[in-house]
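>>> Okay, structure incoming, though there's no sequence with it:
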């Protein structure tokens, strides 16, 4: 099963740190919407000054053992 991980790292905006955000989406269209939403507060900045919002396609196993291992690895790497 495909899952999309959208991540925005911690970044400074108007002298204050904006928290890092990680979201998940079940389709490319939802991932795109999420990416655009996470980029929104930084649109007034020059592209080189914006945080890099990344979208990573994940292949999620659907069997019980594989899913459990995947989630434990994801939690450890988040």
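Alright, I've got the coordinates. Predicted, not measured: the structure shown is a model, and the values here were computed from it.
>>> can you give me the strands for the chain?
Taking DSSP state E as the test, the strands found in the chain are 2-8, 11-13, 16-18, 21-25, 54-59.
>>> neighbouring contacts of the first one?
Outside of strand 2-8, the residues within contact range by CB atoms under 8 Å, 6 or more residues apart in numbering are 20-28, 30-31, 34-35, 38-39, 51, 53-60. C-beta: built from backbone N, CA, C; applies to glycine.
>>> possible to save the strands of the chain as a markdown table with mean neighbour count?
Formatted as a markdown table, these follow (neighbours: other CB atoms under 10 Å):
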| stretch | mean neighbour count |
| --- | --- |
| strand 2-8 | 18 |
| strand 11-13 | 14 |
| strand 16-18 | 11 |
| strand 21-25 | 16 |
| strand 54-59 | 12 |
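>>> can you put those strands in a markdown table and add mean pLDDT and distance to residue 47?
Converted to a markdown table, those look like this (pLDDT from 0 to 100; distance: least, CB to CB, whole Å):
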| stretch | mean pLDDT | distance to residue 47 |
| --- | --- | --- |
| strand 2-8 | 96 | 15 |
| strand 11-13 | 83 | 13 |
| strand 16-18 | 85 | 17 |
| strand 21-25 | 95 | 19 |
| strand 54-59 | 96 | 15 |
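>>> for the ones you listed, which one sits closest to residue 72?
Of all these, strand 54-59 sits nearest to residue 72, with 14.1 Å by CB to CB.
>>> helices or strands next to that closest one in the packing?
Judged by 3 or more CB pairs under 8 Å, 6 or more residues apart in numbering; DSSP states H and E, strand 54-59 is in contact with strand 2-8, helix 28-39.
>>> how deep is residue 53 tucked in, by neighbour count?
Residue 53 is flanked by 19 other residues according to other CB atoms under 10 Å.
>>> same question, residue 34
Neighbours around residue 34, by other CB under 10 Å: 20.
>>> quick one: contacts for it?
4, 6, 23, 25.
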